[in-house]
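Asks: Below are the sequence and a predicted model for it; my questions follow.
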Amino acid sequence: MPSEHIVKSFDEALNRLDNIIAEMGGLAEAQLAEAIDVLVRRDGERAARIADADSRIDALENEVDHQAVALLALRQPMADDLRVVISALKTSGIIERIGDYAKNVAKRTMTLSQLPPMSAAFTVARLGRLSQEMVKEVLDAYVARDVEKAELVRQRDEEVDALYTSLFRELLTYMMEDPRNITPCTHLLFVAKNLERIGDQATNIAEHVVFLVDGRTPAEDRPKGDNSSFTVVGPAASGGEAPRG
């Protein structure tokens, strides 16, 4: 019957949105993993390739926009179906930004690979792996419509923030100890901030999962542990430099 055909076509269109989000997420996660790997390996050549490789994510985001606008205009979805469309629109934009942050990490690595190595790069990579785990878990939660898993991702953001704050203090201290550290540490600070922002974006997707499933936004603010705005680095009593804050 015609009505059954319309319902089936609508369901297929909604499923297509989920499939695009899953593909985008997989690409962004892989791009982030590779960006972290080249940072540790100081591989500027691979980093350059990563920086030029996110066009597919951008194309998929445009496809989500096109599909969502068409569904809103032609189908006028309501209730659960409307939340699927809205969540896909918002989530695709977030995934595209995650890809951009990974690209920025790769760009900084191109410069860092030509500078003296810093041991802090391994801590930065650990921050990246934490953010990568959050991205993977929240995308799994999105596909599975798993609110509990999404809430766990929101809680992990505090861990990412705390590690970022520690890195911020450490890198400032290195810069004060030796002016030759200023350039590599500055680039590592930008890398760390990009990775911390990826964690923030993962928690944003987690909040969209809650909205998608329950039709609500989380009642409690997510815990935050980024105190870098209040960090001061000053001289230690021994005559060296020590972080405060």
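Replies: Sure, I can see it.
Asks: Excluding covalently adjacent residues, which one is nearest to the residue nearest the centre of the chain?
Replies: For the chain, residue 198 is the residue whose C-alpha lies nearest the centre (CA atoms, centre = their mean; 2.4 Å). In space, and not counting its chain neighbours, residue 198 is closest to residue 131: 4.2 Å by CB to CB, 6 or more residues apart in numbering. Using the backbone N, CA and C atoms, a C-beta is placed for each residue, glycine as well.
Asks: residues contacting the one you found?
Replies: Shown in contact with residue 131 (CB atoms under 8 Å, 6 or more residues apart in numbering): 32, 160, 195, 196, 198, 199, 202.
Asks: what number of residues lie near residue 180?
Replies: Counted with other CB atoms under 10 Å, the neighbours of residue 180 add up to 12.
Asks: and it, how far is that from residue 118?
Replies: Distance of residue 180 to residue 118, given as CB to CB, to the nearest Å: 11 Å.
Asks: Pull up the overlap in contacts between these two.
Replies: When CB under 8 Å, 6+ apart defines a contact, no residue borders residue 180 and residue 118 alike.
Asks: hmm, back to that, which single one of the contacts of residue 131 is nearest to residue 82?
Replies: Of all the contacts of residue 131, residue 82 sits closest to residue 202, with 24.0 Å by CB to CB.
Asks: List the buried residues in stretch 161-181.
Replies: Buried residues in stretch 161-181, counted by 16 or more other CB atoms under 10 Å: 161, 163-176, 181.
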